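>>> Fold the following.
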Amino acid sequence: MYKAIPEVFFETAKKYPKKTALSYKKEGVYFPISYKELAKKVSVFSGSLQKLGAVPGDKIAILSENRPEWVIADLAIMAIGAISVPLHTTFSAKAILNVLNHSGAKILIVSNTDLLNKILLYQKKIKSLEKIIFIEKLTAVQKQALGSKVLSWRAVFHLNQNTGYEEVFLDPDEPCSIIYTSGTTGRPKGVILTHRNFLSNAESVNDIIPVKENDVFLSFLPLSHVLERLAGYYMPLIYGGKIVYAEGMKELPRNLKEVRPTVLISVPRVFEKFHDKIWDNVNSSSDFKKKFFNWALKQKKGTVQYKIADIFVFKKIRQQLGGKIRVTISGGASLNENIGKFFSKIGVTILEGYGLTETSPVIAANREGEVRFSTVGKTIPGVKVKIAENKEILVKGPGIFQGYYNNKAESKLCFMRDGWFCTGDLGFIDKQGYLTVIGRSKEMIITSGGKNIWPEKIENFLNNDRFISQSIVLGDNRKFISALIVPDWQEVKAYLKEKDIPLQEHYKLIKEDFILSLFQERIDTKINPNLNEYEKIRKFALLPQEFSQEEDELTPTLKLRRHIIENHFGKTIESMYAIEAVV
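Take a look at the predicted model:
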């Protein structure tokens, strides 16, 4: 806690010089980078940045997918006392422009052509940017468009001619990064985090969920997000773990089998997709296999019957995840209780936690052997939590951020006079100390009848249905609750085949009476019975395709951007409330 992140990393590199720190896949082959080699690259790149004119306090942005260069750049930036500004690759060109201008970034590191093209759209409007470092190969058009402003990654390394950097004093309480929030409820804000913020959080988390020296992390959540930054990058490199970069979300199933990780940092949506895939395979198998699978799920751990179930069923499922998973961490959104229990039954531990970018990020987490489903566990060591009268979760601790960059008004609003940070989330703590998060206060629905409703609870019920892939619950200042639903088209296809109904394009199917009747029946029998009368879904509309990051409808950790979705589907929403006046 009394050192800076680069200092701690260099110490770890000296301790494990020959051990693999990072591994990445290129042309079908995984290439390792040892701790010693990584430390050397960081040292050289730090000197190169200094030769480009970077000085302590400068903002240097990173726009890249997960890869070794991300880590090298981030550590090198911090080593010279500069401030790294990670950018979400899913940000639109305009959003990237806004962050670059707001942060005053002097240098931008970009990985690929698609991302660089976003910069080209607004390059003349980016005020402070002096240099762009491009990781992959530049095209002739890009070179011409950017001129002397752009340098290749390799050329930047050559600037320093393989030497080190001029060391600067690193104050643990100085900013090391500005992370712009995902913007679920509005415009992204720049969260100022220090070395101490991150390191204190890493130390506390490691006390309850320790990194082991033989741990292998498969990294696929974006490094621009604070959860992956801390749990999937800083922690393994501080405590001697190994990080392997996945090729992408689509390749994740294959990479899991290849890498065989022991630790997986994820979000609920990924676990939901694995869960759905498992059940798709079960439902498409023979009657005997279906019955055997359902029998296996009913067996109690520790019995002979469970051991049989584990050998013939659960072990095979775990092999799909690599077969060596020791623990998985779920954050970023609420995990459906049934999903957690299902994975626990098949021998995969999911530890759900809770935190925010502003808290570096972990506030609370479940521990191995002490999991309580539907809660986010107990607060981590060194962090204090209390519940305000309005149910808001308030936090104190060394991981709390300094404030929002260039935004004194917002910074002041989120702190109480006695120093407690207002999370904006509502929740409660039970007698055993387990924290339950109800939902975000800004996302709470208040019906025209004055009822307070948390949409995430209802969405969890919906998304757990076999026929539903995604949903968003609506009804703020309305008489009743409605929902936009994205069907699980694989399940719908299987249903149509079973009923001998011809398959059609999705946009046609969502208007068919037999499909609408199917979803109405699911809501009436599977969803609404779990809800209070005022929470029940009275109207719904089906959508032909999933909410996506490309349309800015999801954050990098796959949370709903509600205001954008409501704007995109305004007409559909209004059609559900067209008869509101007479309901």
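>>> List the contacts of I238.
Residues near I238 by C-beta atoms under 8 Å, 6 or more residues apart in numbering: V8, F9, T12, L199, A202, N206, V211. To be clear about C-beta, it is placed using only N, CA and C from the backbone, and glycine gets the same treatment.
>>> repeat that with 10 Å
Applying C-beta atoms under 10 Å, 6 or more residues apart in numbering to I238 gives the contacts I5, V8, F9, E11, T12, F198, L199, A202, E203, N206, V211, L230.
>>> you'd agree it is in a strand?
No. Judged by DSSP: H, G, I helix; E, B strand; the rest coil, I238 forms no part of a strand; its state is helix.
>>> so how far is D215 from it?
Distance of I238 to D215, computed by C-beta to C-beta, to the nearest Å: 12 Å.
>>> do E167 as well
Remark: distance between E167 and D215 (C-beta to C-beta) = 30 Å.
>>> which one of those two has more residues nearby?
More neighbours surround D215 than the other of E167 and D215, with 20 against 13 (other C-beta atoms under 10 Å).
>>> Report the distance from stretch 7-16 to the chain centre.
Centroid separation between stretch 7-16 and its chain, computed with C-alpha atoms, centre = their mean, to the nearest Å, is 27 Å.
>>> in that stretch, what's buried?
Neighbour-count burial for stretch 7-16 flags E7, V8, F9, F10, T12, A13, Y16 (criterion: 16 or more other C-beta atoms under 10 Å).
>>> Filter these down to just the ones in helices.
Among the buried residues of stretch 7-16, DSSP state H puts E7, V8, F9, F10, T12, A13 in helices.
>>> Could you list the residues in contact with the helix or strand of the chain with the lowest mean pLDDT?
Here the helix or strand of the chain ranked lowest by mean pLDDT, DSSP states H and E is helix 140-146, holding a mean of 78. Identification of contacts with helix 140-146 by C-beta under 10 Å, 6+ apart yields 113, 116-117, 119-120, 123, 131-132, 134, 138-139, 150, 152.
>>> next one: stretch 486-504
In contact with stretch 486-504 (C-beta under 10 Å, 6+ apart) are residues 273, 276-277, 279-280, 283-284, 462-463, 465-472, 506, 509-512, 514-515, 518-519, 542-547.
>>> Of the residues you listed, grab the buried ones for ChimeraX.
Applying 16+ other C-beta under 10 Å to those, the buried members can be selected in ChimeraX as follows:
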select :273,276,462,463,465,466,467,468,469,470,471,472,509,510,515,518,519,542,543,547
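>>> where along the stretch 251-400 of the chain do the helices fall?
For the stretch 251-400 of the chain, the helices defined by DSSP state H, counting those that start in this stretch cover 252-259, 268-283, 287-297, 304-309, 315-320, 337-345.
>>> How about the stretch 101-250 of the chain?
Under DSSP H, counting those that start in this stretch, the stretch 101-250 of the chain gives helices at 113-122, 140-146, 153-159, 195-208, 226-229, 235-239.
>>> still on that earlier bit, restricted to strands, list the contacts of stretch 486-504.
I468, S469, Q470, S471, I472, L542 (DSSP state E).
>>> Was I right to think the last one contacts I523?
No. In this structure, L542 sits apart from I523 without contact. The criterion is C-beta atoms under 10 Å, and the distance is 11.5 Å.
>>> hmm, back to that, relative to N160, which of the ones in strands among the contacts of stretch 486-504 is nearest.
Nearest to N160 among the ones in strands among the contacts of stretch 486-504: Q470, at 47.5 Å, using C-beta to C-beta.
>>> quick one: the closest one from D276, how far?
For Q470, the distance to D276 (C-beta to C-beta) stands at 12 Å.
>>> what does the model give I579 for pLDDT?
We have a pLDDT of 61 for I579.
>>> repeat for T184
With respect to pLDDT, T184 has a value of 54.
>>> With V486 instead?
Listed pLDDT for V486 reads 96.
>>> ok, for it, nearest residue in space, not its chain neighbours?
Excluding its sequence neighbours, the residue lying closest to V486 (C-beta to C-beta, 6 or more residues apart in numbering) is Q470, at 4.1 Å.
>>> for L542, what are its contacts?
468, 483-487, 492, 506-507, 509-512, 515-516, 518-519, 572.
>>> Including pLDDT and distance to V99, could the ones in helices among the buried residues of stretch 7-16 go into TSV?
Shown next, in TSV, are those (pLDDT from 0 to 100; distance: C-beta to C-beta, whole Å):
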residue	pLDDT	distance to V99
E7	97	28
V8	97	28
F9	98	26
F10	98	29
T12	97	31
A13	98	31
